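> Whatever this is, show me its structure:
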Amino acid sequence: MRISQKYNLQKTQYELDFVDIDPLTDIPLFLDPYFLAHRNDSFSINSSRTIRSFFEEFIRLVRSRKRNEAKELFDHLNEPNETCLGLSRGNPQGRGIGHIQAEQIFDSILESKAIKTGIVEHLEDVRVFVVNIDKDKTSDMATNIIRLHLIEYTQQQCRLWNIPIQSGVPSGFVWRRDKRIWDNYLTEMLIVDNKRILLLPKGVVSYSQSHTPQKYYQHFVLNFLQQEHLRLNTLLVQTHKYKDGSEKKFVTKKSLKEKEAPFSKEFLTDFTNHHPEVFADFKTQIQKTDKSVNNYELCDTDLDELIDFLINKLKSIKPGNEEASLYHKTVVGILELLFFPKLLCPQVEKEIHEGRKRIDITFDNAAEDGFFSRLHKSYNIPSTFILVECKNYSRDLANPELDQISGRFSPNRGKFGLVVCREIEDIDLFLKRCTDTFKDDRGAIIPVVDEDLISLLSQLSISSFAKIEEFLSNRFRTVALK
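Numbers count the residues shown, from 1 in each chain. This next block holds a predicted model:
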């Protein structure tokens, strides 16, 4: 039974930011430290910094020959079965790193030439060069190291959807990057059937199929060697003669594998020592291929049926305080569906100014292209977070509502927001007020009413963000250029 079913959230995976796991079954997805390292949302940036600080400390101890201290750090990287991700079948087993395996993997790392020579600089590179380590192991290492961030994310999602969490629960060991030590403390945790559960943002998990030793070997190392043999005209060069008398010289990858370059991580290490530029090119190229998983890969919900359901649900909610919470949560689910994976990690009623003010919803801006990316790159509008205010009013919004959201902007938090409400009778007047706010350098705000949400939902397709981009761009242009 998935989390959404167990707690009767009445939400599909499309409407939820976290991977809707079944605590009794592992999902073959992974927390790939390379994928995290090249994302630009706040969760991924913080998680990558924590992973980097751990690995830097670990490598420092290894290269200083402080084996005992390094082993003590490594001993906390075993069996993280709280996320229910990985390769186990049936009940999650935490198969990543058991006690015996931990000893073997630690020894492999210590003995690795790639570690000693400095080729391995980041945790994700361990998978490429160190024997006995693949995606499940690096995923479990990363999960342990960023447990603190996963605890905080789980708490946020539980508060968002009113999932009960227990206080006074041991956190498990978390890495404190400021002090570079492992810590254990009592906190609030999601407990399911007497088991701690950690939720993960669906935007940061992957199938971990890009940063692999096989792909590096097959498509970069062998390609390089082919060109070298052609350049030097070695014995491995073959010639094909065409009927017109022309010739083509070539080197097969099969011959390279048999004569010179059989696959092994030791070979990859030696090759990279002599040609570090090839590995650098590999990392640059595969960065462009990594993508978040799609909702339809995580669930079998019929998208058209869901859209019809959400439209009818939105129409059925009555304006006013009595159903304000229902409207709020419905809007969160719709925005998650519309904006994923551009926006991630929604939080409700985020406290700022030491609790004196609240923001209805904040999203992490993870966009690498499109409107949300252009906010900062082209329009010079800070947009680390996208702020959203939901108003289930039966009247038009006015200046107080604009002042409310603009008063919560800041350069670090962000200066772009959406005001979502039922309807605005005089939309032209409200847009002029948004323009005034923008021209006064108090931030950019655009209104979104039920009719807009219904239109965007009606035009939504799995593969296209075009209509949403068009709507956002046109409404922003109206505000900015009036």
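
> from here on, contacts and neighbour counts on C-alpha atoms
OK.

> Would you double-check that I191 falls in a strand?
Yes: using DSSP: H, G, I helix; E, B strand; the rest coil, the assignment for I191 is a strand.

> What count of nearby residues applies to it?
Here the count is done by other CA atoms under 10 Å, and I191 has 16 residues near it.

> who's it bridged to?
R196 (DSSP bridges).

> which ones are touching it?
165-166, 197 (CA atoms under 8 Å, 6 or more residues apart in numbering).

> Against D440, how distant is it?
48 Å (CA to CA, to the nearest Å).

> can you list contacts of stretch 202-220?
Here stretch 202-220 makes contact (CA under 8 Å, 6+ apart) with 17-19, 28-32, 34-36, 44, 124, 127-129, 135, 263, 265, 268, 278-279, 282-283, 286, 289-293, 340-341, 344.

> Make sure L431 is actually in contact with T478.
Yes: counting by CA atoms under 8 Å, L431 does reach T478; the two are 7.5 Å apart.

> In terms of packing, which of those two has more residues around it?
L431 (20 against 16).

> name the element the more buried one belongs to?
Of the helices and strands defined by DSSP states H and E, L431 is found in helix 427-439.

> what sits up against that helix?
By CA under 8 Å, 6+ apart, helix 427-439 touches 397-399, 402, 406, 424, 443-447, 478-482.

> Try it again at 6 Å.
Where contact means CA atoms under 6 Å, 6 or more residues apart in numbering, the residues beyond helix 427-439 that reach it are 444-445, 479.

> And the strands in the protein, which stretches?
166-170, 174-176, 181-183, 186-192, 195-197, 238-241, 247-250, 343-352, 357-365, 385-391, 416-421, 444-449 (DSSP state E).

> winner for burial among the ones you listed?
Sort these by mean neighbour count, taking mean count of other CA atoms under 10 Å, and strand 385-391 sits at the top with a mean of 24.

> I'd like the average pLDDT over it.
The average pLDDT for strand 385-391 rounds to 94.

> Now C299. Its backbone dihedrals?
Phi and psi for C299, reported as degrees, to the nearest 10, are phi -150, psi 170.

> OK, contacts around it?
C299 neighbours (CA under 6 Å, 6+ apart): none.

> can you give me the helices in the stretch 251-400 of the chain?
253-259, 265-274, 276-286, 295-298, 303-316, 324-339, 371-377, 399-406 (DSSP state H, counting those that start in this stretch).

> In contact with the nearest residue to L343 once chain neighbours are set aside, which residues?
Closest residue to L343 apart from its sequence neighbours, by CA to CA, 6 or more residues apart in numbering: N365 at 4.9 Å. Residues near N365 by CA under 6 Å, 6+ apart: 41, 343, 384-385.

> same check, this time on I21
Contacts for I21 were tallied using CA under 6 Å, 6+ apart; they are R2.

> So it versus I51, what's the distance?
24 Å.

> Repeat that for I468.
35 Å.

> The two: which is more packed in?
More crowded of I468 and I51, by other CA under 10 Å: I51, with 25 against 21.

> Give me the mean pLDDT for the longest helix along the chain.
Counting by DSSP state H, the longest helix found in the chain is helix 42-63. For helix 42-63, the mean per-residue pLDDT is 95.

> and what of stretch 78-92?
Here the average pLDDT along stretch 78-92 is 73.
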